[in-house]
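In: would you be able to build a 3D model of this:
(one chain, ligands or ions: 3)
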Amino acid sequence: MTRSNIIPVPAIPMQAGQIQTRLIDGKAHAARLTAEIELEVAQLAEKHGIVPGLAVVLVGNNPASEVYVRSKIAHTEQVGMRSIAHILPGSTTQQELLSLVADLNADPTIHGVLVQLPLPRGIDAALITSAIDPAKDVDGLGPMNVGLTTLGLPGLVPCTPLGCLLLLRGELGSLKGLHAVVVGKSNLVGRPMAQLLLQEECTVTVCHVATADVGALACLADILVVATGHKGLVRREWIKPGATVIDVGINRVTTPEGRTRLVGDVVFDEAMGRAGRLTPVPGGVGPMTIACLLRNTLTAAQRSLR
Ligand SMILES: NC(=O)C1=CN([C@@H]2O[C@H](COP(=O)(O)OP(=O)(O)OC[C@H]3O[C@@H](n4cnc5c(N)ncnc54)[C@H](OP(=O)(O)O)[C@@H]3O)[C@@H](O)[C@H]2O)C=CC1
Ligand SMILES: Nc1nc(=O)c2c([nH]1)NC[C@@H]1CN(c3ccc(C(=O)N[C@@H](CCC(=O)O)C(=O)O)cc3)C=[N+]21
Ligand SMILES: [Mg+2]
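Out: Ligands and ions are numbered 1, 2, ... in the order given. From the prediction side, this is the model:
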């Protein structure tokens, strides 16, 4: 923001309605991270002859998941990594999936294994994530990495929360002492997000379906992270004027013209002019999730040398 120094800077908090919301460009943040990764991939190849390999496993046909899997594969190749997709039918049994995971764990050309969630009914996701070698668990969802992340020890950190944290640090610098409210407590996003924010010395409030009045808590947040999959959940009044809002939600909606487009969990038009900073959907958290997956795969390959 450029301001002439003759014009007095308004006291903070600014009056609601006057706020110039700054959109957080997730694509630009992700591009910077990806450029660093590309360099390190080249160094790893040159010095050690290693090409990081990622295996992405998708069970059953879910069109949205197929889009993400294709995107993950394309991005790994862009930075010089190798990747392989295992697309299995919805009828795949838990035993068959465990056996594939065991093969990938044993494959020295594979440094990262990601099993796309959700899994079909009848397959226990906790059992599958626990079966992935912790050194290859690039989603950071297995018990060892969840424990390491919670303890603040170097493990593999779940990609989406890591991406959100990097956006927050990049935008705000230190997060120390800020009140962060996380809406959603899934193992994939909400819980690990809360743990990472605690490590930044935020005061952390976690809301979920049983929370009595989510809005009353949300509007206290300096940092509001929303990951529910409930479009339109966060209205203008839920946002403290000037707060930083991270919208993780990805919801497909059909426009009156019959086209599908993506929206988050936050009512975007209402957050504009109210939030201090806001991640758009698409172009916010999503690209950072992918960049962090590449980062974790590279980290896993680098650690395999030790
Ligand atoms: N941009 C990205 O990179 C990613 C986006 N996503 C998207 O983020 C969203 C959340 O994903 P995920 O965490 O896996 O979803 P889950 O369905 O596993 O979890 C949703 C969480 O939100 C809570 N919740 C749902 N509705 C409400 C509500 N009305 N008020 C308060 N809390 C609520 C649930 O509470 P309870 O536990 O009590 O049921 C649950 O903890 C989805 O839209 C998903 O597509 C996910 C991963 C990556
Ligand atoms: N084991 C596991 N790990 C995951 O990380 C995981 C998962 N399962 N299941 C599904 C969710 C969802 N997810 C996204 C990744 C990228 C975008 C992304 O790139 N989004 C783009 C738009 C993409 C589009 O146009 O469809 C954006 O927001 O700009 C979105 C969502 C990872 N997930
Ligand atoms: Mg749930």
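In: where do the helices sit along this structure?
Out: For the chain, the helices defined by DSSP state H occupy 26-48, 63-78, 94-106, 125-131, 143-151, 159-172, 190-199, 214-218, 268-271, 285-303.
In: highest average neighbour count across those helices?
Out: Per residue and on average, the most neighbours among the helices of the chain fall to helix 285-303, with a mean of 24 (mean count of other CB atoms under 10 Å). Any C-beta I mention is one placed from the backbone N, CA and C, and that applies to glycine too.
In: tell me what it is packed against?
Out: On a contact count with 3 or more CB pairs under 8 Å, 6 or more residues apart in numbering; DSSP states H and E, helix 285-303 meets helix 26-48, strand 53-59, helix 63-78, strand 112-115, helix 159-172.
In: quick one: closest of these to V248.
Out: helix 159-172 (6.3 Å; CB to CB).
In: how about the CA coordinates for that closest one, as CSV?
Out: Taking Å, rounded to 0.1, in the frame of the first residue of the first chain, the C-alpha atoms of helix 159-172 are listed here in CSV:
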residue,chain,number,x,y,z
CYS,A,159,0.7,-30.4,3.1
THR,A,160,-2.4,-28.2,3.4
PRO,A,161,-1.8,-27.0,6.9
LEU,A,162,1.9,-26.5,6.0
GLY,A,163,0.8,-24.5,3.0
CYS,A,164,-1.5,-22.3,5.1
LEU,A,165,1.3,-21.7,7.6
LEU,A,166,3.7,-20.7,4.9
LEU,A,167,1.1,-18.2,3.5
LEU,A,168,0.6,-16.8,7.0
ARG,A,169,4.3,-16.4,7.8
GLY,A,170,4.9,-15.0,4.3
GLU,A,171,2.1,-12.4,4.8
LEU,A,172,2.4,-11.6,8.5
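In: mean confidence for that helix?
Out: Averaged across helix 159-172, pLDDT comes to 98.
In: try stretch 31-43
Out: 98.
In: can you check stretch 139-148 too?
Out: Mean predicted confidence for stretch 139-148 is 98.
In: could you dump that stretch to CSV, C-alpha only?
Out: Written as CSV, here are the backbone C-alpha positions of stretch 139-148 (Å, rounded to 0.1, in the frame of the first residue of the first chain):
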residue,chain,number,x,y,z
ASP,A,139,1.0,-36.4,3.6
GLY,A,140,2.2,-36.5,7.2
LEU,A,141,-1.0,-38.3,8.2
GLY,A,142,0.5,-41.5,9.8
PRO,A,143,0.8,-41.7,13.6
MET,A,144,4.6,-41.2,13.6
ASN,A,145,4.4,-37.9,11.7
VAL,A,146,1.3,-36.7,13.5
GLY,A,147,3.3,-37.2,16.7
LEU,A,148,6.4,-35.5,15.4
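In: so what's A35 up against?
Out: The contact partners of A35, by CB atoms under 8 Å, 6 or more residues apart in numbering, come to none.
In: about what we covered before: the helices and strands packed on helix 285-303 into TSV, with extra columns for distance to R295?
Out: Below are the helices and strands packed on helix 285-303 laid out as TSV (distance: least, CB to CB, whole Å):
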stretch	distance to R295
helix 26-48	6
strand 53-59	12
helix 63-78	11
strand 112-115	10
helix 159-172	8
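In: out of everything not next to it in sequence, what's closest to the residue nearest the centre of the chain?
Out: Central residue of the chain (CA atoms, centre = their mean): T160, 1.2 Å from the mean position. Closest residue in space to T160, ignoring its immediate chain neighbours: T289 at 4.7 Å, by CB to CB, 6 or more residues apart in numbering.
In: list the residues that contact that neighbour.
Out: Neighbours of T289 in contact, by CB under 8 Å, 6+ apart: 159-160, 163.
In: from the residues you listed, which is closest to N62?
Out: T160 (17.6 Å).
In: for that closest one, give its distance to L293.
Out: 9 Å (CB to CB, to the nearest Å).
In: per-residue pLDDT, the residue found closest to A45 once you drop the neighbours it is linked to in the chain?
Out: What sits nearest to A45 in space, not counting adjacent residues and going by CB to CB, 6+ apart, is V51, at 5.9 Å. V51 is assigned 98 on the pLDDT scale.
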